[in-house]
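Q: Prediction below, plus the sequence it came from.
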Amino acid sequence: MDFEELYKISLKMLNDKFNINQYPKEDFLIIYKTFYQENQTPTNDINKEILKKINQLFSQPIKTDIDSRVKELENVRNNIDKISTIPASQPISSTLAKEDMIIPQIQITNEDRHISYKTFIINTIRNNFKITPSINIKSNSIFPCYLCIPSNIRKETPYLILSINDGIKNNNYTFIPTFENKWDIWKPITENYNEINLNNNKWIIVIYDFLNNIIDFDEYYSTIYNVIYDKNDEMYSLKIDNIHLFNKNDKIKLIMKDGTSRDNKIADIKNDKIYIYPENLEYKDFIDAKLFNYNNQFSLLFKYYSK
């Protein structure tokens with residue numbers, strides 16, 4: 001009995017015993033490889049052991065803790081300064097970046113059924129961007145697993161399409177909202193979806209709405225109309241549009257006209273103005289500059305394991 005036949009038998013067993021009608025082939029392959037060496041001839045005895053192992057795995061109670069997952073994601077967002085992959089110098093438009101961005105190895109080991117995955121995270125303040133994950137795509141199976149995005153987007157589209165391409169091949173994934181909070185958590189529409197299959201790791205990532213329009217990030221940027229240095233408070237007061245996007249203590253990014261940026265924090269909001277700390281800023285830094293609230297960024301979470 002070869003690999004494909006044994007896989008079909010395992011599916012039937014899971015359906016008959018546990019009413020489970022989906023079992024990713026890559027999950028089955030992990031177990032299969034623990035019993036068979038390269039080019040080893042299958043035997044009935046070993047095949048029985050494989051089925052026994054799968055049965056044991058699904059006989060164990062699967063713990064599902066949504067609150068823990070949400071807290072984990074929120075901790076990631078709250079510590080964004082520690083894991084952000086966005087360089088200080090970056091264009092604010094939704095156009096493609098001219099330079100690649102390198103993702104550091106951010107790894108969180110977690111258990112998904114019986115497979116131990118590692119996770120890397122991409123944080124971005126724009127859509128349609130180029131990035132180079134430092135994960136070997138040839139020796140790892142990589143899956144997009146969550147989108148963590150501003151809550152208002154679910155009002156504009158019932159699902160999102162995540163497009164990842166390398167300039168040659170393109171992979172699309174459909175996501176639906178599963179948890180509503182300050183940032184909504186979106187996950188693939190089905191548990192049984194294909195791993196990323198591209199030729200190289202020079203990725204172009206775009207997120208579309210249900211009408212195939214690119215999700216517009218421009219609405220999350222605020223224009224600065226007026227700047228005054230308050231000598232009494234020793235802070236800058238800013239008159240901006242979209243002030244409703246900001247709250248006291250929010251972490252923000254000041255993006256200057258030359259593309260460079262400075263992180264700051266909102267010290268106060270009063271009289272329809274926001275107050276920020278000086279942080280070595282000068283008046284010229286605010287000319288044609290934009291403000292972005294980190295609360296409105298996207299986080300893309302990927303899981304992977306060694307093939």
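A: It's in.

Q: Domain map for this protein?
A: Domain segmentation of the chain under automatic domain parsing yields 3-59, 66-217+297-306, 221-294.

Q: Any chance of TSV for these, columns mean neighbour count and mean pLDDT?
A: Bear in mind the C-beta positions are built from the backbone N, C-alpha and C, glycine included. Shown next, in TSV, are the domains of the chain (neighbours: other CB atoms under 10 Å; pLDDT from 0 to 100):
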stretch	mean neighbour count	mean pLDDT
domain 3-59	13	79
domain 66-217+297-306	16	74
domain 221-294	15	91
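
Q: Let's see stretch 239-256 as PDB, backbone CA atoms only.
A: What follows is stretch 239-256, C-alpha atoms only, in PDB (Å, rounded to 0.1, in the frame of the first residue of the first chain):
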ATOM      1  CA  LYS A 239      -4.100  70.500  14.100                       C
ATOM      2  CA  ILE A 240      -4.800  67.500  11.900                       C
ATOM      3  CA  ASP A 241      -7.600  65.900  10.000                       C
ATOM      4  CA  ASN A 242      -9.000  62.500  11.000                       C
ATOM      5  CA  ILE A 243      -8.400  63.300  14.600                       C
ATOM      6  CA  HIS A 244     -10.900  60.600  15.500                       C
ATOM      7  CA  LEU A 245      -8.300  58.100  14.600                       C
ATOM      8  CA  PHE A 246      -6.200  59.100  17.600                       C
ATOM      9  CA  ASN A 247      -6.400  58.700  21.400                       C
ATOM     10  CA  LYS A 248      -4.200  59.700  24.300                       C
ATOM     11  CA  ASN A 249      -1.100  57.500  24.700                       C
ATOM     12  CA  ASP A 250      -1.400  56.100  21.200                       C
ATOM     13  CA  LYS A 251       1.900  55.300  19.500                       C
ATOM     14  CA  ILE A 252       2.300  57.200  16.200                       C
ATOM     15  CA  LYS A 253       4.600  57.600  13.300                       C
ATOM     16  CA  LEU A 254       5.400  61.000  11.900                       C
ATOM     17  CA  ILE A 255       6.300  60.500   8.200                       C
ATOM     18  CA  MET A 256       8.200  63.400   6.700                       C
END
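
Q: Please look at residue 172 and residue 161 and confirm they touch.
A: Yes: counting by CB atoms under 8 Å, residue 172 touches residue 161, with 5.7 Å between them.

Q: ok, which stretches of the chain are helices?
A: 3-18, 25-35, 44-59, 66-78, 80-83 (DSSP state H).

Q: by contact count, what packs against the third one?
A: Contacts of helix 44-59 with other secondary structure elements, assessed using 3 or more CB pairs under 8 Å, 6 or more residues apart in numbering; DSSP states H and E, are made with helix 3-18, helix 25-35.

Q: Now render these as JSON lines, adding distance to residue 196.
A: Listed next are those as JSON lines, based on distance: least, CB to CB, whole Å:
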{"stretch": "helix 3-18", "distance to residue 196": "22"}
{"stretch": "helix 25-35", "distance to residue 196": "12"}
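
Q: Let's have the helices of the chain in a markdown table, adding distance to residue 291.
A: As requested, the helices of the chain are arranged in a markdown table below (distance: least, CB to CB, whole Å):
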| stretch | distance to residue 291 |
| --- | --- |
| helix 3-18 | 52 |
| helix 25-35 | 43 |
| helix 44-59 | 50 |
| helix 66-78 | 18 |
| helix 80-83 | 16 |
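
Q: give the contact list for residue 202.
A: Applying CB atoms under 8 Å, 6 or more residues apart in numbering, we find residue 202 in contact with 100, 130, 132, 166-167.

Q: hmm, 10 Å instead?
A: For residue 202, the contact set (CB atoms under 10 Å, 6 or more residues apart in numbering) comprises 100, 130-133, 165-168.

Q: mind checking which of the helices of the chain is nearest residue 145?
A: helix 66-78 (10.5 Å; CB to CB).

Q: quick one, what contacts residue 277?
A: Residue 277 neighbours (CB under 10 Å, 6+ apart): 233-236, 264-267.

Q: how close does residue 150 get to residue 245?
A: Noted for residue 150: a distance of 9 Å to residue 245, by CB to CB, to the nearest Å.

Q: same question, residue 193
A: Taking CB to CB, one finds residue 193 at 33 Å from residue 245.

Q: Repeat that for residue 115.
A: From residue 115 to residue 245 the distance is 39 Å (CB to CB).

Q: Equivalent analysis for residue 236, please.
A: Residue 236 is 18 Å from residue 245, by CB to CB.

Q: Since that was my last question, I'll sign off now.
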